[in-house]
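*Asks:* Compute the structure for the input listed below.
(chains A and B)
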Protein chains: 2
Amino acid sequence: MPQEVLTEAAAEMLDWHGSGMSVMEMSHRGKEFGIIYEQAQADLRELLVVPANFKILFMQGGGLAENAIVPLNLSARGSPTGATGSADFVVSGSWSLKSQQEARKYCTVNIAASNESDGHTSLPEPASWQLSHGASYVHICSNETIHGVEYHTLPDLQALGSDAALVVDCSSHVASRPIDWSRVGLAFAGAQKNLGPAGLTLVVVREDLLGHALTVCPSAFNYKTVADNQSMFNTPPTYAIYIAGLVFQWLKRQGGIAAMEALNQAKAALLYDAIDNSQLYLNKVAPHCRSRMNVPFFLRDENLNDAFLTGARADGLLQLKGHKSVGGMRASIYNAMPIEGVQALVDYLHEFQKCRG
Amino acid sequence: MPQEVLTEAAAEMLDWHGSGMSVMEMSHRGKEFGIIYEQAQADLRELLVVPANFKILFMQGGGLAENAIVPLNLSARGSPTGATGSADFVVSGSWSLKSQQEARKYCTVNIAASNESDGHTSLPEPASWQLSHGASYVHICSNETIHGVEYHTLPDLQALGSDAALVVDCSSHVASRPIDWSRVGLAFAGAQKNLGPAGLTLVVVREDLLGHALTVCPSAFNYKTVADNQSMFNTPPTYAIYIAGLVFQWLKRQGGIAAMEALNQAKAALLYDAIDNSQLYLNKVAPHCRSRMNVPFFLRDENLNDAFLTGARADGLLQLKGHKSVGGMRASIYNAMPIEGVQALVDYLHEFQKCRG
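*Replies:* A predicted model of the protein is given here:
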């Protein structure tokens, strides 16, 4: 979280803008929270350049809940009433693997492509995807948090001959770069990486995709119900929306998404260069799809792992241990991480190599 | 929200207990958040005297999501595989009305009793309930927020000859009084009334009720999955859990739930006495089931409504307008409202009556 945002939130904790109330005490239907909600919606729409025919929904449950909520809402689109719908999935790492698994409860799942055979270190070329006929949507995870694989261009399904909607799980890189909405039907993201606190889920959905939910879809997670009620069918996570709104204002002060993208490119280049130009460290992901947010890397001599982590911690470099399913190290360099933080990590990589390499 | 809690949260916003991190920045799997989570669980278990054979789950989506999540998890219990289960509902106001409506997506719904004929101003005697044979559970809303109807004793289903589990929606009075767990199978509550910020849902469920979810239940809302993963199958609403934990500590400092109950009884008596002893105001709810949390009342001359609200606002008495479905006025006097606040309202009731009565 940007320190400016935390400072602002602390200062306003007991009294938001002279209202005499904390944001936590506001009724979600009151005038004051209405101002916060509308501003957050408008700022996010401006930042991400969301077209007018897309709804911005503030939901709950995170990406793992969306793995069910998306097929509950979209899979039956275009299928005869009562028939089981179908969806295509591109597996590019552990998140898309989980998504297709959950979707099998609600529809027929076709794996259009997978990078499992190379350990999730590449992205299958869209031209090679085996898209199925009649699928309601094609699901991709545009940044795999654990495997560090990122789409730098979203696939153009129309050009591939498909009229399915593209569903993008962009949880771990939303707001780090622009989104080409002309290629997207629905994008979702848990807020906790780049947008705000855990407990808020962002869904941006094209209006024509609303209204196709299965009868077993809970009302609170029916996109049309949520959209028709301005995300207030059930009580929204008001404080998390407020904090996300402060992050949106901070992003605008930084120069918006284009400025964040340039900074994220510079941060990522700094770190990947240090890894690639060393004999000690290794990143296994194909260069054209390396994530700018999550940089997994390995020490070629894994016996040095503990010493590396201990030294890092002594330098104030925290949370560098890789996910248990992958091992090694992982640096997550989200929007709020300044380039100085990445430089400090690079300095440590050099220093550790000098001592141990 | 108690002012002490907000002050504490503001002071710790940038640095929780010397960790160098805001709670919003903590990984939900990290050591620091683990401490917060375990303390919140232990404090809530102590406060509500939750028996060891009940799990405490921290979920998302609020009461309206639970209206679907409960039947998704419980309705099939005891039914043959693949058969539609059934549940009994006691309708006592708009919340239980919504609950039974949503449950019809997942199971056969039997209305065991309803107070619709008297405009939701009484509670049907449990001895008169028409419980169905083979129902998995009986759903009640133990405090109807809009209609101001509260159960002062939970029904004893066993004594009524039923082996169904009692499901209690206690969203708007949880932590205001003790709960007799010997009569409860599952209780749920959105946090935003008495426990903390919106975006956190408390579920307390007896262990033998876990593991009966329908196949269409989203994994993130499967109680067994949530319980098996210590509420961390998906990323939990970490900051909301932290604030709720501060509220639990505050409740302990107030003397716990018994002390809150005594205070809430005194607050409610003060307000109901003022209403009953006036010629200007009217509460329509039967005395034996009047809510201690939500006090709806009417001006006998409804032409005075606007003047009443304008004068109240001038005295700093906010949010007194009744729900649009009921009209009139409503005073919500949750745990965080001090008795001085209720006295100020009573003073205003007298003052307004003197001028206009």
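*Asks:* tell me which element residue A:308 falls in.
*Replies:* Assessed by DSSP states H and E, residue A:308 sits inside helix A:305-314.
*Asks:* how far out from the middle of the chain is that helix?
*Replies:* 28 Å (C-alpha atoms, centre = their mean, to the nearest Å).
*Asks:* what's that helix in contact with?
*Replies:* A:299, A:318, A:320, A:321, A:328, A:329, A:345, A:348, A:352, A:356 (C-beta atoms under 8 Å, 6 or more residues apart in numbering or on different chains). All C-beta spots, glycine's among them, are computed from the backbone N, C-alpha and C.
*Asks:* burial count for the third one?
*Replies:* Counted by other C-beta atoms under 10 Å in any protein chain shown, the residues lying close to residue A:320 total 17.
*Asks:* which ones are touching it?
*Replies:* A:308, A:309, A:312, A:329, A:330, A:331, A:345.
*Asks:* hmm, try it at 10 Å
*Replies:* By C-beta atoms under 10 Å, 6 or more residues apart in numbering or on different chains, the contact set of residue A:320 is A:297, A:308, A:309, A:312, A:313, A:328, A:329, A:330, A:331, A:332, A:345, A:348.
*Asks:* Also the second one?
*Replies:* By C-beta under 10 Å, 6+ apart, the contact set of residue A:318 is A:309, A:312, B:19, B:20, B:21, B:27, B:30.
*Asks:* re earlier: quick check: buried residues in the helix holding residue A:308?
*Replies:* A:305, A:308, A:309, A:311, A:312 (16 or more other C-beta atoms under 10 Å in any protein chain shown).
*Asks:* Likewise for stretch A:80-96?
*Replies:* Result for stretch A:80-96 [16+ other C-beta under 10 Å]: buried residues A:85, A:86, A:87, A:88, A:89, A:90, A:91, A:92, A:93, A:94, A:95, A:96.
*Asks:* try stretch A:319-332
*Replies:* Quick answer for stretch A:319-332 (16+ other C-beta under 10 Å): A:320, A:322, A:326, A:328, A:329, A:330, A:331, A:332.
*Asks:* Over to stretch A:152-170?
*Replies:* Neighbour-count burial for stretch A:152-170, with 16+ other C-beta under 10 Å as criterion, is recorded at A:154, A:155, A:157, A:162, A:164, A:165, A:166, A:167, A:168, A:169, A:170.
*Asks:* Please list which of these are also close to chain B.
*Replies:* Checked against chain B using C-beta under 10 Å from any C-beta of the partner chain, these give no members in range.
*Asks:* what's the most distant pair in those residues?
*Replies:* Across the buried residues of stretch A:152-170, the longest distance by C-beta to C-beta is 19.7 Å; it joins A:162 and A:170.
*Asks:* Kindly reformat the buried residues of helix A:305-314 as CSV containing pLDDT and distance to residue B:244.
*Replies:* Below are the buried residues of helix A:305-314 laid out as CSV (pLDDT from 0 to 100; distance: C-beta to C-beta, whole Å):
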residue, pLDDT, distance to residue B:244
A:305, 96, 37
A:308, 96, 37
A:309, 96, 33
A:311, 95, 38
A:312, 95, 33
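*Asks:* about what we covered before: what's the following helix or strand after the helix holding residue A:308?
*Replies:* Counting by DSSP H and E, what follows helix A:305-314 is strand A:329-332.
*Asks:* Go through the buried residues of stretch A:319-332 and say which is closest to residue A:192.
*Replies:* Checking the buried residues of stretch A:319-332 against residue A:192 by C-beta to C-beta gives residue A:332 as the nearest, at 11.3 Å.
*Asks:* rewinding a little: pick out the lowest-pLDDT one from the buried residues of stretch A:152-170.
*Replies:* Among those, residue A:162 carries the lowest pLDDT, at 94.
*Asks:* I'd like to know how far that one sits from chain B.
*Replies:* Separation of residue A:162 from chain B (C-beta to the nearest C-beta, to the nearest Å): 27 Å.
*Asks:* Would you mind giving the secondary structure of residue A:81?
*Replies:* In three-state terms, and counting by DSSP: H, G, I helix; E, B strand; the rest coil, residue A:81 is coil.
*Asks:* For the buried residues of stretch A:319-332, give me a markdown table that also has distance to residue A:178.
*Replies:* Below are the buried residues of stretch A:319-332 laid out as a markdown table (distance: C-beta to C-beta, whole Å):
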| residue | distance to residue A:178 |
| --- | --- |
| A:320 | 29 |
| A:322 | 29 |
| A:326 | 29 |
| A:328 | 31 |
| A:329 | 29 |
| A:330 | 25 |
| A:331 | 23 |
| A:332 | 21 |
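*Asks:* Nearest to chain B among those residues?
*Replies:* Nearest to chain B among the buried residues of stretch A:319-332, counting by C-beta to the nearest C-beta, is residue A:332 at 9.8 Å.
*Asks:* quick one: the closest one and residue A:192 touch, right?
*Replies:* No: Residue A:332 is beyond contact range of residue A:192, at 11.3 Å (criterion: C-beta atoms under 10 Å).
*Asks:* where do the contact lists of these two overlap?
*Replies:* Common neighbours of residue A:332 and residue A:192 are listed as A:172, B:27 (criterion: C-beta under 10 Å, 6+ apart).
*Asks:* on that earlier part again, pick out the most distant pair among the contacts of helix A:305-314.
*Replies:* The widest separation within the contacts of helix A:305-314 (C-beta to C-beta) is 20.2 Å, between A:318 and A:356.
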